[in-house]
Every structure is written in C-alpha cells, then in structure tokens.
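In: Sharing a model prediction with you, sequence too.
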Amino acid sequence: MGRYIIKGGNKLDGKVRINGAKNSCLPIMAASVLNGSLSKIIDVPHLKDVSVMIEILQYLGATVTRTEQMLHIDTTNVKNYEVPEYLMRRMRSSIFLMGPILGRFGKVRVSYPGGCDIGPRPVDLHLKGLRQLGANIVEEHGYIEAEASQLSGAEIHLDYPSVGATENLMMAAVLAKGTTVIQNSAKEPEIVDLQNFLNGMGARIRGAGTETIRIDGVTKLTSVEHTVIPDRIVAGTFLIAGAITGGRVVVQNVIKEHLDAVIAKLREAGCKIILGEDYIILEGINPIKSIDVIRTLPYPGFPTDLQAPMMALMTVSNGITVLTETVFENRFKHVDELRRMGANIKVNGNTAVIEGVKKLNGAFVEAKDLRAGAALILAGLTAEGTTIVEGAHSIERGYEQIEKKLKDIGADIVKVDKH
Ligand code: EPZ
C-alpha cells in the first residue's frame, strides 16, 4: 500500500491542466456496450477505477486499447451478460453496467455492489426504475439477475435525484420500445456528458441537466467518438490546494459553470478568483476566512465530493463553520484523521462544527476513502512538519498523478510505493 510524504508550508504557485472526469468516463465506458460497435473516448484519465472498468469490459468480451489519454472500445463481440463478484466488489459504481447490458441483451447478472466507506450504497432506485421498464428482477445470494424480452418506455419518478440511477435508466431506455421519461433526475454535468455520448451513437435523449429527461427508444446504434468533460472535482481540489497554502493556482481545461457553487464558497473564504475562458485563477489569502454554513446537495448545490477537501480548508480558517453532509450517510471518515493533525472538529450526526486553528501539525494519517484522502493531502500541504498519508491506492482511484501535479506547482510531496 503506497503512501504520500508531505512537508508542509510551501505556497503553491503554478498551472495545472485538469484531466477528463472520472465520473463521466465510467458511465460512458459502460454505455459503450450498447452499440455493439466502436467507441473512441478522448481525454480518459489514468485512474484505478478506469482500469477496473476496462477489465470488466474485457471480461464481457469487448476489446479495449488505450493510447495515452484515448480509449478505443469495440463491443462487437460482447456476449457475456454477467459481471463477476470479484470485479463488482472492486468498484461499487459498476452497478450502472446493468442498464446497457440489459438494454442490449435482455438479460444481466451482477453481484450486489455492497456498502463502502461512505455509506451502504443501496441500489433500490436503480431496480425500481428497471422494473418499471419491464425487467423481471430476482435478488438472491448477493446477486441481482434481471431479464426482459423487450424493455418498454415508462414514466419513472425518482424518489431521490440519484446520479447512478439516472445514468442506469437512461442507458436501459435507449433501446427500449417507446418513450421513457425520468422525472426528478440528477442534473450533474456528467449526466449531460453521458446524454451527448449516447446521442453520438444514435440514441434520442434530451433534457439531461434538468430534472426531466426524455428518451425515445431506437433500434439501431452506430460507432461514436466523444471527448470527456473536464473533472470538476479534481479542479475544485486543486483550487482548494491553492487556497489552503495561501498560494496562486491556475486550473486549465475547466468548464467554469460546473464549479459555480465551489467558486462562491472560495470567494466567501476570501480568495480572489478570476474566471477565464477555459481556466480559473485562484489567489489565496492568509488566514482563510471561515464560511458560516456549508451544505452538500445534489448539483448544482455544493458537491459532496468536495466536502472533505473543503473541511480541510476550514480547519485553518479564522472562525467557525457548520458543515452538513446531506448526500451520503457516512462521509466523515476524514474527521478523526484531521483531528490527529490538531483540527478542532465536533460531529453530531451528519453535521460537523469546525473551529479554525492557527496551524495544523504534520502526523501519520490514513486515507479511508478517495476524497477523504485528498483532504488529508491538502491538510499536509499547510501543516507544520511532515505528514504521511497512508493508503495511496484509495486516492489514485480518482486523482491522476496527484503528487506530480502538486509537486509541479511547488508542493514538497513524494509518493512511496512500498515501505
Ligand atoms: C455518484 O455516485 C458518484 N460516483 C459519486 O462520486 C458522487 O459522490 C455521487 O454520485 C453524488 O454526486 C460516480 O459517478 C461513479 P447517488 P452514486 O446514486 O451514483 C442514495 C467519488 O468520490 N441512493 O447520487 O452512487 C445513496 O445511498 C464518488 O467520485 C439510494 O438510496 O450517487 C446516496 O446516499 C463518491 N438508492 C445518495 O442516494 C439508490 O438506488 C446519492 O447517491 C441510489 C442512491
């Protein structure tokens, strides 16, 4: 298990190019099963989760070749409709393979993705929607088996705007007979990106990015070429890195509208932010101003994936912040680790009260999940002395070469693979 060793105190100063979005390319890679043809996907980051998705697609019978930031996927010969347990367990979000496999083959068998570090990760909304499309679903022995000779369009109202459920149902509805309407759908930019990819192969979808998505079923799909949108969560992480060190960071290759909530909060914290065409400049201040209230919400609210990095920033602010996590049940795994570094945080249920301290102290801490790990690296950038963040494998799931990118803009950080 690798670790990062960070010597705190350097002000970051420099430019970083943001890679394609993990939470966009994963559903898009799953959707490539639908066309039984070629998909050329551009700006795919080198991440552990992408490697797992490639393994799953190859297991199903697809051929996948990678050159630099590009993926060529040919799903002509996909005939396997079962995703084995050992692969499902390596990435919970592979549940959204159900839609495309069921949509193309009329049959799919996956194991329960199971709970993970940030909550039980139920899939009830996925299954309820698939049943409304006509699938017969059996759940037993930890497996989910779905069958449908022909899926047919339906009016689906999601009890919660679940990102994964919205994506799964969009993909399942592409080849269904008739029209499907998904109401109260998630509005994340990654949903819009998936719509554009699917329409690029001949699907007929509109409304992604709003709370109502309409899918008119088609019978024929073709090959497609698509460039993945930039990763707004990675961009936000680097902006917060600039803020926590009181430095100056330019994030390039961003869609600034995707970061409205994050920019608003960083301005509230006293940062100076200049918006360019496809870049954002952040100049931090010292000390950071405390933000009275932060609440994570579905898009376009403040993103849950930046809750931990933002909490790290607030631990060194000049006041008190009340932070509420409303999306996941158990996404405070970074709190104990930040406390080890001297942070003053009180937790009551899904609310954390953070009282800023002058300085954090370097310590040995553990990345319990992807974004918690990123938060600990950010804390290490500003802490006095050396911080060791154990569990690099968690962070590599979502951040491509984070140590190199931080080092290139002035951080004193190294990654050690074995110890
Ligand atoms: C996606 O997860 C992202 N993952 C997550 O990013 C992100 O945090 C999340 O959306 C919210 O934005 C990918 O896109 C691969 P949800 P997903 O379904 O689809 C409950 C990261 O760090 N729920 O919107 O799993 C669920 O328990 C990851 O990159 C049900 O109750 O998120 C959670 O409390 C972490 N029943 C809430 O909805 C269901 O059937 C939001 O989940 C589905 C979800």
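Out: Structure's in. What do you need? Residues are numbered from 1 along each chain as shown.
In: Can you list phi and psi of Pro230 for me?
Out: Main-chain dihedrals, Pro230, degrees, to the nearest 10: phi -60, psi 150.
In: who touches the nearest residue to it once chain neighbours are set aside in this structure?
Out: Closest residue to Pro230 apart from its sequence neighbours, by C-beta to C-beta, 6 or more residues apart in numbering: Ile18 at 4.6 Å. Just so you know, the C-beta spots here come from the backbone N, C-alpha and C atoms, and that holds for glycine as well. Applying C-beta atoms under 8 Å, 6 or more residues apart in numbering, we find Ile18 in contact with Pro230, Asp231, Val234, Ala235, Phe238, Val251, Gln252, Asn253, Val254.
In: quick one: low-confidence ranges for the stretch 1-150 of the chain?
Out: 114-117, 119 (pLDDT under 70).
In: what residues does it put near the ligand?
Out: By the rule C-beta under 6 Å from any ligand atom, the part of the stretch 1-150 of the chain lying against the ligand is Lys22, Asn23, Leu26, Ser93, Gly119, Arg121, Pro122, Val123, Asp124, Leu125, His126.
In: For these, which two are the farthest from each other?
Out: Lys22 and Asp124 (24.3 Å; C-beta to C-beta).
In: about what we covered before: can you put the contacts of Ile18 in JSON lines and add secondary structure?
Out: Listed next are the contacts of Ile18 as JSON lines, based on DSSP: H, G, I helix; E, B strand; the rest coil:
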{"residue": "Pro230", "secondary structure": "strand"}
{"residue": "Asp231", "secondary structure": "coil"}
{"residue": "Val234", "secondary structure": "helix"}
{"residue": "Ala235", "secondary structure": "helix"}
{"residue": "Phe238", "secondary structure": "helix"}
{"residue": "Val251", "secondary structure": "strand"}
{"residue": "Gln252", "secondary structure": "strand"}
{"residue": "Asn253", "secondary structure": "coil"}
{"residue": "Val254", "secondary structure": "coil"}
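In: Need those residues in TSV (columns: distance to Glu211, pLDDT and neighbour count).
Out: TSV is the format used below for the contacts of Ile18 (distance: C-beta to C-beta, whole Å; pLDDT from 0 to 100; neighbours: other C-beta atoms under 10 Å):
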residue	distance to Glu211	pLDDT	neighbour count
Pro230	24	98	24
Asp231	24	98	28
Val234	26	98	25
Ala235	25	98	27
Phe238	30	98	27
Val251	29	98	26
Gln252	32	98	15
Asn253	28	98	16
Val254	25	98	26
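In: out of these, which touch the ligand?
Out: Counting by C-beta under 6 Å from any ligand atom, no member of the contacts of Ile18 is near the ligand.
In: the strands in the stretch 301-419 of the chain, which residues?
Out: Counting by DSSP state E, counting those that start in this stretch, the segments of the stretch 301-419 of the chain that form strands are 320-325, 344-348, 351-355, 364-366, 386-390, 412-416.
In: what about those strands, which gets the closest to the ligand?
Out: strand 320-325 (9.6 Å; C-beta to the nearest ligand atom).
In: Lys22 and Asp124 - which one has more neighbours?
Out: Neighbours per residue (other C-beta atoms under 10 Å) separate Lys22 from Asp124, with Lys22 holding more: 26 against 11.
In: wouldn't the more buried one be in contact with Gly398 here?
Out: Yes: at 5.3 Å, Lys22 and Gly398 qualify as touching, with contact defined as C-beta atoms under 8 Å.
In: shared neighbours of the two, anything?
Out: Joint contacts of Lys22 and Gly398 (C-beta under 8 Å, 6+ apart) are Leu47, Asp49, Ile233, Val234.
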